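Asker: turn this into a model:
(one chain, ligands or ions: 2)
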Amino acid sequence: MAILKLERLDKEAFAPFGDVIEMGGRPWFPINGGTTRRYHDLGRIQLGGDDGQAGISMARGDAFQLPLRIAMLERHSLGSQAWIPCSQTPFIAVVAPDGAGDRPDEAAIRAFYVGPGQGVNYHRGTWHHPLMALGRQGDFIVIDRIGDAPDCDEYVLHEVRSIDGSFRNQADAVALPPAGG
Ligand SMILES: NC(=O)N[C@@H](O)C(=O)O
Ligand code: NI
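Answerer: Ligands and ions are numbered 1, 2, ... in the order given. From the prediction side, this is the model:
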């Protein structure tokens, strides 16, 4: 099974797929008489179709253990989808660009380690794997499109990938929960 190595999540690297929601290293300005720091406009909610509205939900994700098996991807063509941990649960964001024929480019699949203090906002139509909280159960705020029309295309990969916790760039490697939990 092909190994899909992890990458450190940063704004530039993730830009083709969505936004990184984080305060670390980002600009802020004071509000509320200086008692609050606002980290402004970290991501945009994208809505398509006729009836959709932006909605705020919560989700409790089961703990996934390494190695992770990546056998499918999904996308939401009508809206973006943000995943923001409530208590800094690390998770893995697996994404891919569009390929030929309205399917993901399997050769260009990438896996990002979403560390404590980070979240992601998948842009509309971005191929991604469903939530995989790493090592422990985690609660998340989910911001996405609420509408009557179904909006989740699934695609089964021709080649299953495995995420074993290794990083593409050893300098980015962080200690991850041990395999098997
Ligand atoms: N369906 C749902 O709310 N979750 C998935 O879209 C996901 O990306 O985990
Ligand atoms: Ni999704």
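
Asker: between the two ends of stretch 99-115, how far is it?
Answerer: Start-to-end span of stretch 99-115 (Cα to Cα, to the nearest Å) is 28 Å.

Asker: contact partners for residue 53?
Answerer: Contact analysis of residue 53 by Cβ atoms under 8 Å, 6 or more residues apart in numbering lists 47, 145, 146, 147. Glycine gets a C-beta too; all of them are placed from N, C-alpha and C.

Asker: can you pull the buried residues of the lengthiest strand in the chain?
Answerer: Longest strand of the chain, by residue count under DSSP state E: strand 153-163. Neighbour-count burial for strand 153-163 flags 155, 157, 161, 163 (criterion: 16 or more other Cβ atoms under 10 Å).

Asker: these two touch, right, the third one and residue 5?
Answerer: This means residue 161. No - Residue 161 is not in contact with residue 5 according to Cβ atoms under 8 Å; the separation is 9.8 Å.

Asker: and the closest residue to residue 61 other than its chain neighbours, how far is that from residue 5?
Answerer: Among residues not flanking residue 61 along the chain, residue 133 sits closest, at 3.8 Å (Cβ to Cβ, 6 or more residues apart in numbering). Going from residue 133 to residue 5 by Cβ to Cβ, to the nearest Å gives 20 Å.

Asker: looking at the two, which is more packed in?
Answerer: residue 133 (22 against 16; other Cβ atoms under 10 Å).

Asker: now do the same for the spatially most central residue of the chain: helix, strand or coil?
Answerer: Nearest to the mean C-alpha position of the chain, by Cα atoms, centre = their mean, lies residue 93 at 3.9 Å. Following DSSP: H, G, I helix; E, B strand; the rest coil, residue 93 is assigned to strand.

Asker: which residues does the residue lying closest to it once chain neighbours are set aside contact?
Answerer: Leaving aside its sequence neighbours, residue 93 sits nearest to residue 112 (Cβ to Cβ, 6+ apart; 4.6 Å). Residue 112 is in contact with 6, 7, 8, 9, 13, 14, 92, 93, 94, 95, 120, counting by Cβ under 8 Å, 6+ apart.

Asker: so where's the protein shaky on pLDDT?
Answerer: The chain contains residues with pLDDT under 70 at 180-181.

Asker: where do the helices of it begin and end?
Answerer: Along the chain, counting by DSSP state H, helices occupy 11-14.

Asker: show me what from it comes close to ligand 1.
Answerer: The interface of the chain toward ligand 1, taken as Cβ under 6 Å from any ligand atom, is made up of 74, 81, 128, 130, 131, 152.

Asker: now those in CSV, with distance to residue 139 and neighbour count?
Answerer: Below are the residues of the chain next to ligand 1 laid out as CSV (distance: Cβ to Cβ, whole Å; neighbours: other Cβ atoms under 10 Å):
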residue, distance to residue 139, neighbour count
74, 21, 17
81, 16, 24
128, 19, 21
130, 16, 11
131, 11, 19
152, 21, 11
